[in-house]
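Asks: Provided below are the primary sequence and the corresponding predicted coordinates.
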Amino acid sequence: MELEFDVKVTSGALYDYLLYHTYTSFSGMLGTLAGVFLLIAFVSTRYVIYLIAGVVLIAYLPCSLFLKAKQQAVNNAAFKHPLHYKMTDEGISVSQGESEEKQSWDSCVKAVSTGKSIILYTSRATASVFPKKDLGDKKEALIQMISTHMPPKKVKIRF
């Protein structure tokens, strides 16, 4: 079984990945929860400082992640041109121009989906992002390939 496709990682795709990665982490949830508690404290005490602190905590993460995604898309050479993926029973190969990297299926940590992307984590903090709009009719084949080569407990992809 073999699957090949190209994806262009845009700032929007990066933002989608960063949002998912941050808000499913302990620190992302903790920051949002703290912001909500500050807003609740404002409602009960009417101290404006609680309102300001709550709004800052809740709004800071998405805004800073948006700016980070924009900056990475502009400054990282890997995101300027499409990435070519080739998935086989042995593993995943990603190439761009003359460079190519290979990864075995065993080294993949988890696979998840968001509304806009399928994300294949290759470590706890790095991932391959496959924007669904770039996959077209190969989306289901990609999901099948991932599901075949990774343990079910590591795959959290919804259609």
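Replies: All right, it came through fine. Residues are numbered from 1 along each chain as shown.
Asks: use CA for all of it now, contacts and neighbours both
Replies: OK.
Asks: which SSE is the residue sitting nearest the centre point of the chain in?
Replies: Per CA atoms, centre = their mean, the C-alpha nearest to the average position across the chain is that of Tyr17, at 2.1 Å. Tyr17 belongs to helix 11-23 when elements are defined using DSSP states H and E.
Asks: buried ones in that helix?
Replies: Ser11, Ala13, Leu14, Tyr15, Asp16, Tyr17, Leu18, Leu19, Tyr20, His21, Tyr23 (16 or more other CA atoms under 10 Å).
Asks: what is the neighbour count of Ala77?
Replies: 9 (other CA atoms under 10 Å).
Asks: should've said Lys80
Replies: 13.
Asks: just Ile118 next, same as before
Replies: Neighbours around Ile118, by other CA under 10 Å: 26.
Asks: quick check: pLDDT value at it.
Replies: Looking at Ile118, its pLDDT reads 98.
Asks: other SSEs contacting the host helix or strand of it?
Replies: Element membership for Ile118, per DSSP H and E: strand 117-121. Packing contacts for strand 117-121, counted by 3 or more CA pairs under 8 Å, 6 or more residues apart in numbering; DSSP states H and E, involve helix 11-23, strand 110-113, strand 127-131.
Asks: what's next to the first one, contact-wise?
Replies: Which is helix 11-23. 28-29, 62, 65-66, 68-70, 72-73, 114, 116-117, 119, 129, 131 (CA atoms under 8 Å, 6 or more residues apart in numbering).
Asks: hmm, 6 Å instead?
Replies: Gly28, Met29, Phe66, Ala69, Lys70, Ala73 (CA atoms under 6 Å, 6 or more residues apart in numbering).
Asks: name the next helix or strand downstream of it, please.
Replies: By DSSP H and E, the next helix or strand past helix 11-23 is helix 26-45.
Asks: now do the contacts for Glu101.
Replies: Glu101 neighbours (CA under 6 Å, 6+ apart): Ser93, Val94.
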